[in-house]
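Trainee: 3D, please:
(2 chains)
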Amino acid sequence: MNPIIQQQLALRTRRYFLGQSSTGLGALALSNLIGGLPATASTDSLAAKVAHFAPKAKRVIYLHMTGSPPNLDLFDYKPKLIELNGQDAPDSVLKGKEFAFTTGVPKLLGTSHKFIASGKSGVMLSDCLPHLQGVADHLCLVHSMHTDQFNHAPAELLVYTGSPRSGRPSFGSWVSYGLGSENENLPAFVVLISSGVQPNGGRSSFGSGFLPSVFQGVQCRSQGDPVLFASDPAGMDRNLRRKTLDTLSQLNAIQAEELGHPETQTRISQYELAYRMQTSVPEVMDISKETQETLDNYGAKIGAASLANNCLLARRLVESGVRFVQLFDWGWDFHGTGPAEDIRDGLTKKCETMDRPVAALIKDLEQRGLLHDPLVIWGGEFGRTPFREGRTAVGAQLGRDHYPDCFTMFMAGGGAKGGFDYGSTDELGFSIVDKPVHVHDLQATWLHMLGFDHTKLTYRFQGRDYRLTDVHGNVVHDLIS
Amino acid sequence: MQTHTPLRHFAFAALLLYGCVGAVASEPLTTTTKVNFKTDIRPVLSNRCFFCHGPDEAHVESGLRLHEFSLATSPADSGSKAIIPGNITESELIRRIVSTDESERMPPPHIGAKLTEREIELFKTWVASGAKYSKHWSFDEIQPPKLESANRENTLPAWQDSPIDFLVFKKLRERNWTPSPEADRHTRLRRLTLDLTGLPPTLDQQSAFQSNSSEQAYEQLVDELLASPAFGEHWGRKWLDLARYADSAGYADDPPRTIWAYRDWVIKAINDGMPFDQFTIEQLAGDLLPNPTDEQLVATAFHRNTLTNNEGGTNDEEFRNVAVVDRVNTTMAVWMGVTIACAQCHSHKFDPITQAEYFQVFAILNQTKDADRADESPTLKWFTHEQRADQEETQRELSKVELALTAPDETLIPEQQSWAQTLRDPIQWQPAKPESAHAKSKSPIAIHENGNLRVDAIADTDTYSIDLAIPKDIAIDALSGIQIRSIPDPSLPNGGAAVGDGNFVLTNVAASLISVGEKSTTGRLVRIDLPGENKILSLGEVQVFSREEIVSKGAKATQSSTDFEGKAERAVDGNTSGKFTDNSTTHSAASTDPWWEVDFGKDVSIDKIVIWNRTDADVGSRLAGAKLSILSEDRKTLWEAILEKPKASQSFEIQPSIPLPLAVANADYAQEGFPPSNAIDADAKSGWAVGGAIDQPHQLNVAILSSKLKELTSTNALTGTLSLRLTLKFESSYRRALLASFAISFTTDVRAEPAIRIPSSVLKILSTTPDSMSIADRDAIHLYYVSTIAPSRQPLRTSRDLRIKKLADIKPTTTVPILSELAPDKQRQTHIQIRGNYKVKGDLVSPDVPKAFHAWKQTSTDSSTPKMDRLAFARWLMQPDNPLTARVIANRYWETFFGVGIVRTSEEFGSQGDLPSNAELLDHLASDLIRSEWDTKRFIRNIVLSAAYRQRSAVSSIRYEEDPDNVFVSRGPRFRVSAEQVRDMALTSAGLLSQRLYGTPARPPQPALGLTAAFGSKTDWDTSKGEDRFRRGLYTLWRRSNPYPSMATFDAPNREVCVLKRDRTNTPLQALVTLNDPVFVEAAQGLARRIVVYDLPDGSLAERSDRVFQLALSRSPNSREMEAIAKLYHETRTELASNLDRANKLATDPIGPLPANSDPIELAVWTTICNVILNLDEFLMTP
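Mentor: Here you go, the predicted model:
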């Protein structure tokens, strides 16, 4: 059989299978996933699909701390570094290395934060994170992360697209490509941005690259239209909009009859979906229906564009069946070039805006019995140096430079082991001494948790099969419960 | 939902079809089966075997490689031969592919499924018949089919004229299919206009075409459209995707980039019908052509569209390397249709391209000067044609004026002689008496009794400050010149007047009148300005002393803006700490020209000001360039100083003074490149020097602008005894080029300024007696007089000056980054980069093209000794024996018109790409393109004139299932238009679209997102005013990090990398754009006004409906459509009639106030209807 026709037909008849035969759907979905979807895929490709094997997690909430938080002040406790604070960094750890803003011999910088053994599991967490300490037993901390990139944009693109250059599909679009959506009235992949600044990788961090654009992240906003152009024109009410859509469908149907192109039918249904989204998106984005207690738990305020609001929205979105919720929060680039970037008070203040809502999100999901379902991921794009940043070495603020060799990320829910420390760094935090995990390894693990063999979730583009993990990645099974 | 029913039927039919197609496919082969290596064997080898047994020498299993005959027939590691030609039973390959033993079977079960029975049969037949290999089909030479009339038999009459048609027909006949009938007139008109210009036909075009009964009507229309400027815009847009053109530089901060001159070049080249080979060569190597024109240089911006990374801490070499990689990949993808990107890291798995060959191509493109710099250098200043014509014209006029100005004129000799007489006697210089002299370096300066100065110079650079007494009998405003005399001394190095090697560079001379003894200025405010963009003004403390009292403390302080709570009062709080954390330093926002000031509320006498800077975080240098000033109550500047090199604290003594306006300088001698004018220009580093004659005494004469001085002294009376303070700076980059022995003179001679203006050579002649002058001297004097002095020629001089100014005033319209080759001695060496890492270098490679492709024909025109550079490379791409470029380009055109290419993977012609659906047609088109010398307009013309293109697009459900994408062209093309077209078409229907071509990018309305690019600027923009609001989509400012939202929703790429093929998705977000985006609401309002108010003020519902259809869909509505519109009209009218407020909004927001005497309800109703029409599937699709 002509494979082109087969794929086209598979796509165009998916709704039929959805109604008639679950085995048919599974088989077809799988064959499409392995073979790659054609570029002309319609939104039917967003219909819910079946993964390669039984998944641990069904969806993702990814919290990105843009700029990269200082792991040594939050998660990776180094008493020896504190002891040697202010001494020259040893030659052995600097040799052959490049840093973004540091040259010469910098001074070691121990943290001024107190670490506390938290929860029953006793994972060590800094005093910047009092609320996360409260949910410590849900956290799966990977201390041995490493990356190849030490500038923001390429490092962030590596985390989200598996490549430091733009042009590849993002993690969220791979997941929506692989799993589709479970809510016909909402986008499969939603992006929320707080602190007013775009991610380093720009829209590429949530773009669909060469995947069809139905798989790209849809940015929702807490001010103005929650989805671009969701508001009807001034003077047009819902009733009139309905009338116009009825006329539109009627005229389109005449055209479909005349020319016989199924694409016209698809367009009719897309307009109906758009009409439903106009109501459903503002509804899910409206947090005013939440109880005051819930708002307080998150620290959310109606009308704000904060990380707290976005964490609460993330819960509402996954509850409604959204497959992938991506949050970006700007302001974690702790160089020490200003008071807000000081790893003492500055970090404590920044963490106040993150610690409470993230902990509240985990608790809220748990209390609603949902924590098994979404995989919550928290992290930056690289680590920060165990020494004081070069440019600000004589200033009043304490800051750290970019550092690709080790950093911490954590996960919660979705089948990640709770209260779990994985991997370790040396006593000064310069290199990994146990169980290194490259960004590609973690990506492979995430996909595995979602039910995918990362080597088989591919898409053919310009004659090559591409995948999120490029040609790398090993699943870290130890992280999965 | 109702619409499910047909879909179910459709699906059912599809299931039946699976069975049929499957049955056909698995039919056993007959013994007469013919095997075609290219189409039957090689694709299977490539897809199923090459990953382990192919071209990548680093990854070969069992010593077996199957991509070449000689390798496949040699013994593998096991000793057995995979292929023994003619011998099926002993060929290991056959044994393995048929094996049922999972441990033996190839491909292994974990790699892939067993070959199909049909594939196995084909392999057997192939081996049995000798296992002949041939090149991958697309790498092999183009074989145009023979177009004999016999071939046209059995073809429909209308399909016999064009080779395109009977080649398409031949394929259809093979499937027993018949083509569709010709589309009706309005459909053909709409399709053609949309495809050639991107715009729907105007009413005029519609009626002209409908009423043209000539047989050539369609052909005439084609020619008309090919000649319209909109053609170049529409087709240029497509090329800009390949060129990854954008108006920003990319990466995190994504700063603006000025490169739109390139976009305009593309539009113009396409409109001019530039042959594609020239189009190629100018873009890839225009700079290497002999005497390249500005246009040819602009063309090279094609490869300057790569990203540059300006993020702090990034390595320029790393990202320059990334840009070259992008150029290699883009060039190969655009012209050769082959992805070689993977060969950057390892040899190609499927195509015979090695990693070394990849870097040989890299080496060709690795020699340009650009290097990921923030300023995008090298750039070209771009003048428009009009500007260049203007420049040339002005230059011609200037030459003419100059000729007239310098023409000798005997009649002027008498006045010349009386002028010369006045200058015969030299200017009388009077030695000045220094009262005191200081060096900034604290080098001691001795003052001799005769007034000579002697510096015991200890520093590398220095500034001398010398106060000279002014004799009582001289009026201060009578000073007309100052002279600095170097006095050589044998005891100084090389017998000169300087230290160091004996030469000096006097970089600046300044003079002022100072009021001796006065040490204060009376003023009301003290202010600090920090000029520049993105500046932060941060102060620890400002202390203003009146006698010994600090009058600033607690006075009223204000500043331009405040960030981080660094209020203005912190600089007058009495705490001089410069640490921000002590809460005692001010902090403005990062802004343009921030300022801080303190107001004492009354005039105070100010003796001294001390500025305390920031001392933490190494940010003290932020204050560099700040201007400290004392202002009067009415804000006149009374005194000012510049903080050039800010320190932790800096004290300024205030002394009233008047700077002397210096007019011109000359000298008896100057070293080449160090003219005397350097000493009074604004450049702090340039100066006057005397190299070549250091052991001679020299004089620098500086004239004072007398008129200006008189004005200054009259408005700015100084009291007390006055002195002349002379400041001499030696701040060149030459160490110790300092005057050590010199004296100062001054003059009140009124002839000083005119005399100093005269070049010393002329002045010297003038000082001789007329009789002793040589003829040459006389001519020189005459020339100087007539051109510079003669009053009767003043109009000519004015005319000359005007033209010089005019030339200077013709500023480049824009700049554009261009390619520029490094000089031969600066060329880079290229190494293989191991695993694609630019820091890990492998073997050195030299520029060359991969062997798998056609051979390079060296031509003597490239250079005397042919060498593989960019120009040779570009010519290699366009060699007539290159089978790829012509196929790739022809296929891309086909894809543009028919929605799908003859090779479906239009981006990949290598082993991993699809086979052509009609190989003969592709080769016919490719060879036609070469034969026509790359005349692309002619090529397009042939396609749109074909019967294949003119078919009706309607399709039966059975045919749709058989060929959903119309690969075999059994019907007319129908697919969604591009993002830009959606916009352009809506605006055209509404009569709003601007017709203007070219120019700066436009900023049409877009929703404010309130976001900032990482480390960059705001993503929102101020909407363009007037016509720019309605320009075609291709002129929209293209920011890579934040593409224009409505166009991105319709699959416009961000253009970070070359985009060979856009998606054509169909999503609900697109529906929201065309329903609700204010741009489209405005279009609906514009269309409504057009029919209700302007075109058909008395039109009936039917007439207006008809017109809306004509304008938006290029046809009249049928009765059912008319009915649907009428129903919506009446219902909406009823609803809005009772709600005037809503009607008003619908009719005016955002387009603007109602036209005079218009009915808001009628306009609102038609806005609603037009909103529907502009959202029809038919509107968004080619017909």
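
Trainee: any bit of stretch B:62-76 sitting next to chain A?
Mentor: No - against chain A, stretch B:62-76 shows no contacts by C-beta under 8 Å from any C-beta of the partner chain, the least distance being 15.6 Å. Bear in mind the C-beta positions are built from the backbone N, C-alpha and C, glycine included.

Trainee: buried set for that stretch?
Mentor: B:L64, B:R65, B:L66, B:H67, B:L71, B:A72, B:T73, B:A76 (16 or more other C-beta atoms under 10 Å in any protein chain shown).

Trainee: hmm, whichever strand or helix holds B:F1109 touching chain A?
Mentor: Using DSSP states H and E, B:F1109 sits within helix B:1101-1113. No - shown here: helix B:1101-1113 not in contact with chain A (C-beta under 8 Å from any C-beta), separated by at least 9.8 Å.

Trainee: next one: that helix to chain centre, how far?
Mentor: Remark: helix B:1101-1113 is offset 42 Å from the chain centroid, using C-alpha atoms, centre = their mean, to the nearest Å.

Trainee: and B:P490, how many neighbours?
Mentor: 8 (other C-beta atoms under 10 Å in any protein chain shown).

Trainee: check what pLDDT it gets.
Mentor: Per-residue pLDDT puts B:P490 at 92.

Trainee: report how many residues lie close to the closest residue to B:D456 other than its chain neighbours.
Mentor: Distance criterion C-beta to C-beta, 6 or more residues apart in numbering or on different chains; nearest residue to B:D456, sequence neighbours excluded, is B:P444 at 4.8 Å. Here the number of neighbours of B:P444 (other C-beta under 10 Å) works out to 13.

Trainee: check contacts around B:K238.
Mentor: B:T896 (C-beta atoms under 8 Å, 6 or more residues apart in numbering or on different chains).

Trainee: mind running it again at 10 Å?
Mentor: B:G198, B:V266, B:I270, B:R892, B:Y893, B:T896, B:S978, B:E980, B:L1034, B:V1059, B:R1062 (C-beta atoms under 10 Å, 6 or more residues apart in numbering or on different chains).

Trainee: and of the residues you listed, the nearest to B:G910?
Mentor: Nearest to B:G910, judged by C-beta to C-beta, of the contacts of B:K238 is B:R892 at 15.7 Å.

Trainee: checking my notes, B:S605 in a strand, right?
Mentor: Yes - B:S605 forms part of a strand when assessed by DSSP: H, G, I helix; E, B strand; the rest coil.

Trainee: so B:A872 makes contact with B:M878?
Mentor: No - applying C-beta atoms under 10 Å as the test, B:A872 and B:M878 come out as separate, 11.1 Å apart.

Trainee: who has more neighbours, the two?
Mentor: For B:A872 versus B:M878, neighbours defined as other C-beta under 10 Å are more numerous around B:A872 (23 against 20).

Trainee: so which residues of the stretch 1-150 of chain A form helices?
Mentor: A:3-12, A:14-20, A:22-35, A:71-74, A:79-83, A:91-94, A:130-134 (DSSP state H, counting those that start in this stretch).

Trainee: re earlier: contacts with chain A among the contacts of B:K238, please.
Mentor: B:V1059, B:R1062 (C-beta under 10 Å from any C-beta of the partner chain).

Trainee: so which of the contacts of B:K238 are in helices?
Mentor: By the criterion of DSSP state H, membership of the contacts of B:K238 in helices covers B:V266, B:I270, B:R892, B:Y893, B:T896, B:E980.

Trainee: report pLDDT for the third one.
Mentor: This means B:R892. The per-residue pLDDT reported for B:R892 equals 97.

Trainee: could you pull up the residues touching it?
Mentor: B:K238, B:L242, B:V334, B:G337, B:G901, B:V903, B:S906, B:E907, B:L1060, B:K1061.

Trainee: what's opposite the spatially most central residue of chain A in the beta bridge?
Mentor: Centrality entry for chain A: nearest residue to the mean C-alpha point is A:Y62, 2.9 Å, by C-alpha atoms, centre = their mean. A:Y62 has these beta-bridge partners by DSSP bridges: A:Q326, A:I377.

Trainee: correct me, but it touches A:Y160?
Mentor: Yes - using C-beta under 10 Å, A:Y62 makes contact with A:Y160 at a distance of 8.7 Å.

Trainee: can you list residues touching both of those two?
Mentor: With C-beta under 10 Å, 6+ apart as the test, A:Y62 and A:Y160 both reach A:S170, A:F171, A:G172, A:F206, A:Q326.

Trainee: pull the helix or strand with minimum mean pLDDT from chain B.
Mentor: Counting by mean pLDDT, DSSP states H and E, chain B has its least confident helix or strand at helix B:4-25, which shows a mean of 34.

Trainee: taking the stretch 251-400 of chain A, what residue is nearest to chain B?
Mentor: A:G395 (3.1 Å; C-beta to the nearest C-beta).

Trainee: who are the contact partners of the residue nearest to the centre of chain A?
Mentor: With the criterion set at C-beta under 10 Å, 6+ apart, A:Y62 makes contact with A:159-160, A:170-172, A:175, A:191, A:206, A:314, A:324-328, A:374-379, A:411, A:446.

Trainee: and for B:G1099?
Mentor: Here B:G1099 is in contact with B:I1091, B:V1092, B:S1105, B:D1106, B:R1107 (criterion: C-beta under 10 Å, 6+ apart).

Trainee: and the residue nearest the centre of chain B, what are its phi and psi?
Mentor: Centroid-nearest residue in chain B, with C-alpha atoms, centre = their mean: B:I259, separated by 2.1 Å. When read as degrees, to the nearest 10, the backbone of B:I259 gives phi -150, psi 10.

Trainee: so how far is B:Y245 from it?
Mentor: 7 Å (C-beta to C-beta, to the nearest Å).

Trainee: try A:L251
Mentor: 37 Å.

Trainee: try B:L1087
Mentor: Going from B:L1087 to B:Y245 by C-beta to C-beta gives 31 Å.

Trainee: okay, the two: which has more neighbours?
Mentor: In terms of neighbours (other C-beta under 10 Å), B:L1087 is the more surrounded of B:L1087 and B:Y245; the figures are 28 against 23.

Trainee: closest residue of the stretch 401-550 of chain B to chain A?
Mentor: B:I536 (10.2 Å).

Trainee: that residue: how many residues sit nearby?
Mentor: Residues lying near B:I536 (other C-beta under 10 Å) number 20.

Trainee: tell me which residues touch it, please.
Mentor: So B:I536 contacts B:530, B:561, B:563-564, B:566, B:586-591, B:594, B:614, B:619, B:622-623 (C-beta under 10 Å, 6+ apart).

Trainee: 8 Å instead, please
Mentor: B:D563, B:H587, B:S588, B:A589, B:A590, B:S591, B:P594, B:V619, B:R622.

Trainee: which residues touch the helix holding B:F1109?
Mentor: By C-beta under 8 Å, 6+ apart, helix B:1101-1113 touches B:190, B:200, B:203, B:206, B:985, B:989, B:1087, B:1090-1092, B:1095-1096, B:1099, B:1115-1117, B:1121-1122, B:1125-1126, B:1129, B:1166, B:1169-1170, B:1173-1174, B:1176, B:1178-1179.

Trainee: thought B:R1090 was touching B:L992?
Mentor: No - applying C-beta atoms under 8 Å, one finds B:R1090 not in contact with B:L992, separated by 9.1 Å.

Trainee: so, low pLDDT: which residues of the chain?
Mentor: Just going to use chain A. A:1-46, A:213, A:222-223, A:462-463 (pLDDT under 70).

Trainee: meant chain B actually
Mentor: B:1-33, B:149-151, B:153, B:349, B:617-618, B:715-717, B:719, B:860-865, B:1010-1017.
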